[in-house]
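[1] Need a 3D model of the sequence below.
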Amino acid sequence: MSRTSQPTRPSSRSGSARKAQAGEPQSGPTRKIVVTALAALAVLSAVVVFVLRDQGSSADHGAAGTGHDGFGHVHGVATDPGSGALYVATHVGLFRVDDAHTAVRVSKDALDLMGFTVVGPGHFLASGHSEDGPANVGLIESTDGGVTWRAKSLSGAADFHGLQAAHGSVYGYNSTDGAFMVSVDQRTWEQRSRVAMGEFAVSPTDAQSILAVGRDGLQRSTDGGRSWQTVAGAPAVGLLAWDRTGVWGVAQDGAIWSSTDGGQQWQRRGAVPGQPHSIATDKGTLFAALAGDRVVATTDAGATWTDRYVPQ
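    Below you'll find the predicted structure:
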């Protein structure tokens with residue numbers, strides 16, 4: 001899922017306390033300060049223990065339904081074409097949905113995933129932030145189902161808030177400078193335009209046709225992202241997905257819209273049953289990641305929904 005601004009990252013703060021001299025009596029206010037500091041230290045210690053436990057070995061990356069604090073905001077959802085498994089890219093790593101109440105964090109690294117796309121079976125590309133490397137990881141790649149990742153290009157320089165692998169290329173929106181970029185080898189990039197956008201989706205049949213959510217509404221490019229034009233009369237959608245059944249859009253209020261002519265004419269369909277974070281389509285199924293760590297799916301354009309993951 002793409003964003004037009006970088007996430008605000010927590011700043012690191014430090015301080016110092018002055019120790020009382022041995023035998024020096026402590027006043028009432030001083031005693032209160034010491035008690036408060038000790039209580040804060042106890043809370044901090046508990047937090048450190050929890051974080052270390054949660055970031056243990058790969059064997060400790062347990063079921064989300066029973067062992068983590070939630071997905072938080074989801075920036076990507078997709079299926080693996082080999083296994084059919086559903087993956088969810090979040091601020092706290094990559095998760096695989098195993099059943100209605102089990103989602104396993106598969107990524108070993110502490111990754112804040114802002115962009116995510118599937119290239120092939122077990123082969124993923126992503127972008128975002130890392131606690132152990134550069135603040136902006138550029139383009140990173142996993143060939144083992146998201147367990148381990150390696151740098152591919154633009155490390156430290158790019159924060160792709162949108163990625164899509166299509167037509168033998170990778171399309172990306174770099175939120176650091178507003179550049180829409182395309183790469184055929186995942187290492188060298190062509191900057192095709194600078195534009196403020198959120199979601200974008202590439203036609204599955206035409207490498208030059210792209211739709212994007214812009215500041216002034218839905219935008220269309222017919223030259224591979226080099227220029228953009230506003231789509232007159234388009235609904236105010238914030239999320240996009242494009243497969244061979246057509247273009248799918250979801251508005252902020254959850255309304256689902258679809259187009260079978262590349263985004264020129266739209267039809268209102270059903271609605272997602274919650275606040276939408278990200279959507280994806282696969283073989284006639286529309287997936288939606290919702291607030292509250294819920295992932296749902298529909299095969300009838302939103303008339304009915306099936307829970308794919310709901311935390312216990």
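[2] Next up, the contacts around the nearest residue to residue 109 once chain neighbours are set aside.
    Excluding the flanking residues, the one nearest residue 109 by Cβ to Cβ, 6 or more residues apart in numbering is residue 149, at 5.9 Å. C-beta here means a position set from N, CA and C on the backbone, and glycine is covered the same way. Residue 149 is in contact with 107, 109, 111, 126, 140-142, counting by Cβ atoms under 8 Å, 6 or more residues apart in numbering.
[3] Tell me the bridge partners for residue 201.
    residue 211 (DSSP bridges).
[4] Hmm, it is touching residue 166, no?
    No. Residue 201 lies out of contact with residue 166 (Cβ atoms under 8 Å); the separation is 9.2 Å.
[5] quick one: which of the contacts of residue 149 is nearest to residue 258?
    Using Cβ to Cβ, residue 126 is the member of the contacts of residue 149 that sits closest to residue 258, with 27.6 Å.
[6] related to what we said a few turns ago, can you turn the buried part of the contacts of residue 149 into a ChimeraX selection?
    In ChimeraX syntax, the buried subset of these is picked out as below (16 or more other Cβ atoms under 10 Å):
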select :107,109,111,126,140,141,142
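[7] Secondary structure and pLDDT for the contacts of residue 149 - can I get that in TSV?
    Putting the contacts of residue 149 into TSV (DSSP: H, G, I helix; E, B strand; the rest coil; pLDDT from 0 to 100) gives the following:
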residue	secondary structure	pLDDT
107	coil	92
109	coil	84
111	strand	92
126	strand	98
140	strand	98
141	strand	98
142	strand	98
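[8] Quick check: the gap between the closest residue in space to residue 144 that isn't next to it in sequence and residue 150.
    Counting by Cβ to Cβ, 6+ apart, residue 122 is the residue found nearest to residue 144 once chain neighbours are left out, at 6.1 Å. Plainly put, residue 122 is 14 Å away from residue 150 if you go by Cβ to Cβ, to the nearest Å.
[9] quick one: common contacting residues for those two?
    residue 142.
[10] quick one: which of the two has more around it?
    residue 122 (17 against 8; other Cβ atoms under 10 Å).
[11] Can you list the residue ranges for helices in the stretch 51-200 of the chain?
    Taking DSSP state H, counting those that start in this stretch, the helices of the stretch 51-200 of the chain run over residues 64-67.
[12] what ranges of it fall below the confidence cut-off?
    Low-confidence segments of the stretch 51-200 of the chain (pLDDT under 70): 51-69.
[13] Just give me the residue right at the centre of the protein.
    residue 75 (1.9 Å; Cα atoms, centre = their mean).
[14] wait, isn't that residue in contact with residue 280?
    No. Using Cβ under 8 Å, residue 75 makes no contact with residue 280, being 11.5 Å away.
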